[in-house]
Each structure stands twice: as C-alpha cells, then as structure tokens.
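Undergrad: Next one to model:
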Amino acid sequence: MNLSRLCVHTITTKPLSIEEAAKCYSRENIRGITVWRDALEGRNIRATGKMLREEGLEIVSLCRGGFFPHLTAAGRKDAIDDNLKAIEEAVALGAPMIVLVCGAAKGQSLETSREQIREGIAAIEPYAKAAGIRLAIEPLHPMYADTRSAINTLAQANDMAEAFASPWVGVAVDVYHLWWDPALQQEIERCGKHLFAFHICDWRIPTRDILLDRALMGEGCIPVAQIREWVEGTGFNGFHEVEIFSTEYWSGDQQLFLQKIKHAYLHHS
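TA: Residues are numbered from 1 along each chain as shown. Below is the predicted model:
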C-alpha cells in the first residue's frame, strides 16, 4: 500500500480554498483530487484545472450532479439544465467523470423519484457521451431517502446502470453508504467494468450527526480494507477517494488532518 492511488475530495478539507487545497495536497504527496462544484464558484474553471495539474494533481471527478426528481416539470427541467452545466464544467476543469447524487422529492413516492432519475440521466447521457464525461450513479444510505437520493442500494444503482447499457453510465461505491448491505460483495462483483469510483471513510460509533460526523478509516466499524479487496477484484484500478464530512475535522488544522488521512489510508484501507 502506498499513496499513489490516494485522492482527497475538496469537501474533506472544506475550510481550504481550492488553491490552498492544491498546495496542501501536493505538499503531502497526495496525487488525486475530486473537486466539489462549490469550490469553483467565482473562478475561471479552465484556469483552475490548469493550476491543479501544475501542482501535480490528477483530477479524478467533479462532484456533484444529479438531484433530478421534482414535483413539477419546471423543476425537473431546471435539474437537467444544471446537470448539463456540470458537464460543461467538467470539460473545462479537465475532470473525466461526474458523480451523481440522484435526489428524491418530498411529496412523491420513491418509485416516482426513481423514474424521474432514469429520465434525467437519459436526458443528459448523450451530452456526457459527446463530451467524453462518465456519469457515476452513487447510491446513498437509506437514511437519506427522504430528499437526497431514492437510489439506496448498490443493486438499485446496478439495475439502473445496466438498463442504460452505456459505457458512459456506471456506479460509485461509497463505503459510508453501503457497508451495511448483506448483498454488498455480490453487487460489487456484479458491477464489473461499470464501477467508476470508490469513496472511503468510516462510520463513527456512535454517530453524532447523520451528515456531518464521518470518521477517518480505522475509527469506526466499516471493513474498508475488505470492501477495497472486493472492489479491486472487479478489475477496478482507480483512485481511493477520501470523502469526509466532519464538523470536528473541519474545525482543526487541515494540514495536520491531511497527515492523519494519509496514516489512516496506509494502515486501515
């Protein structure tokens, strides 16, 4: 195990600007970065991508697209337009992939939301293909099924990706959202070549906040190393992306946090 496949999401070091993050990641010999769209606000995206590459960073993906379901047709159109904008941003940045947090709408069934997700991805897939941008459907833990995602198991994500039968549509495996699933190993094996992304962190015991209390690998109960073996068994050889939302870690020294991330990655992933 070495650092050559370690990637950190900009949201993981949220207090840092993207310029600061690039310098800090590079200083710690972290080679991959996934950029969250909020980090690009007010910036020349093409110039930002050039800056990241000059710091020696490989841009792994742009996060996030999705949020397709809405109660109104106008809301669904706005969501598609925003995803088309995300494709343009990914091209300008030099990111080869967009992670889709698919969304759900309060006031309608999950089944209706899932159909709207299918329709949304179908609407943007031709544009993603033309731009050379892959779309990774990320299933979220069932506790987020109310408004964040109606796609809650890897089986559902696999079903949807397989239905598109497009090399531009695949799935993202995030251990935080999927570690609990008794069918996880078989569904990871099922992914095959449409496994596009692998996100890691840990589930704190007890979890103090369902969104903002993720832990470093080794601090919780997720068998990250075991899941990584299953993922790599599919032939996946991409980056291992550290994605941590944590008010605790955001409140501290971010350079020290990156050093802790490296240690956790090397010893508990």
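
Undergrad: show me where this structure has strands.
TA: Assigned by DSSP state E, the strands in the chain fall at 6-9, 32-36, 58-66, 97-101, 134-137, 169-174, 195-200, 202-203, 214-215, 240-242.

Undergrad: how close does the residue nearest to the spatial centre of the chain sit to residue 110?
TA: Against the mean C-alpha coordinate of the chain, by CA atoms, centre = their mean, the closest residue is residue 99 at 5.0 Å. Distance of residue 99 to residue 110, given as CB to CB, to the nearest Å: 21 Å. C-beta here means a position set from N, CA and C on the backbone, and glycine is covered the same way.

Undergrad: again, but for residue 226
TA: 29 Å.

Undergrad: do residue 210 as well
TA: Residue 210 is 18 Å from residue 110, by CB to CB.

Undergrad: Mind checking which of those two has more residues around it?
TA: residue 110 (17 against 9; other CB atoms under 10 Å).

Undergrad: For that one, give me the pLDDT.
TA: Residue 110 is assigned a pLDDT of 98 by the prediction.

Undergrad: Can you tell me how far it is from residue 145?
TA: For residue 110, the distance to residue 145 - CB to CB - is 6 Å.

Undergrad: do the same with residue 136
TA: 19 Å.

Undergrad: quick one, which of these two is more surrounded?
TA: When neighbours are counted by other CB under 10 Å, residue 136 and residue 145 differ, and residue 136 comes out ahead with 25 against 15.

Undergrad: Please name the bridge partners of the more buried one.
TA: Residues in a beta bridge with residue 136, per DSSP bridges, are residue 99, residue 170.

Undergrad: if we can go back for a sec, the residue nearest to the centre of the chain reaches residue 177, doesn't it?
TA: No: assessed by CB atoms under 8 Å, residue 99 is found out of contact with residue 177, at 12.0 Å.

Undergrad: Find residues that contact each of these two.
TA: residue 138 (CB atoms under 8 Å, 6 or more residues apart in numbering).

Undergrad: Could you tell me which residues touch both of residue 110 and residue 145?
TA: By CB under 8 Å, 6+ apart, the residues touching both residue 110 and residue 145 are residue 104.

Undergrad: And the helices in the stretch 1-150 of the chain?
TA: In the stretch 1-150 of the chain, the segments counted as helices under DSSP state H, counting those that start in this stretch are 18-27, 45-54, 73-93, 110-131.

Undergrad: In JSON lines, list the ones you listed along with distance to residue 153.
TA: Below are the helices of the stretch 1-150 of the chain laid out as JSON lines (distance: least, CB to CB, whole Å):
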{"stretch": "helix 18-27", "distance to residue 153": "32"}
{"stretch": "helix 45-54", "distance to residue 153": "33"}
{"stretch": "helix 73-93", "distance to residue 153": "22"}
{"stretch": "helix 110-131", "distance to residue 153": "12"}
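
Undergrad: From the chain's centroid, how far away is stretch 93-112?
TA: 11 Å (CA atoms, centre = their mean, to the nearest Å).

Undergrad: Restricting to C-alpha, output that stretch in PDB.
TA: Output of stretch 93-112 as PDB, limited to C-alpha atoms (Å, rounded to 0.1, in the frame of the first residue of the first chain):
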ATOM      1  CA  LEU A  93     -11.900  21.600 -15.500                       C
ATOM      2  CA  GLY A  94     -10.500  18.500 -17.100                       C
ATOM      3  CA  ALA A  95     -12.500  16.100 -15.000                       C
ATOM      4  CA  PRO A  96     -13.300  12.800 -16.700                       C
ATOM      5  CA  MET A  97     -16.300  12.000 -14.500                       C
ATOM      6  CA  ILE A  98     -19.300  13.500 -12.600                       C
ATOM      7  CA  VAL A  99     -20.600  11.800  -9.500                       C
ATOM      8  CA  LEU A 100     -24.500  11.800  -9.400                       C
ATOM      9  CA  VAL A 101     -26.300  12.200  -6.100                       C
ATOM     10  CA  CYS A 102     -29.600  11.400  -7.700                       C
ATOM     11  CA  GLY A 103     -32.100  13.100  -5.400                       C
ATOM     12  CA  ALA A 104     -35.600  12.500  -4.100                       C
ATOM     13  CA  ALA A 105     -38.600  14.700  -3.800                       C
ATOM     14  CA  LYS A 106     -40.700  15.100  -0.700                       C
ATOM     15  CA  GLY A 107     -44.400  14.500  -1.500                       C
ATOM     16  CA  GLN A 108     -44.000  11.800  -4.100                       C
ATOM     17  CA  SER A 109     -43.100   8.100  -3.900                       C
ATOM     18  CA  LEU A 110     -39.600   6.700  -4.200                       C
ATOM     19  CA  GLU A 111     -40.700   4.800  -7.200                       C
ATOM     20  CA  THR A 112     -41.800   8.100  -8.900                       C
END
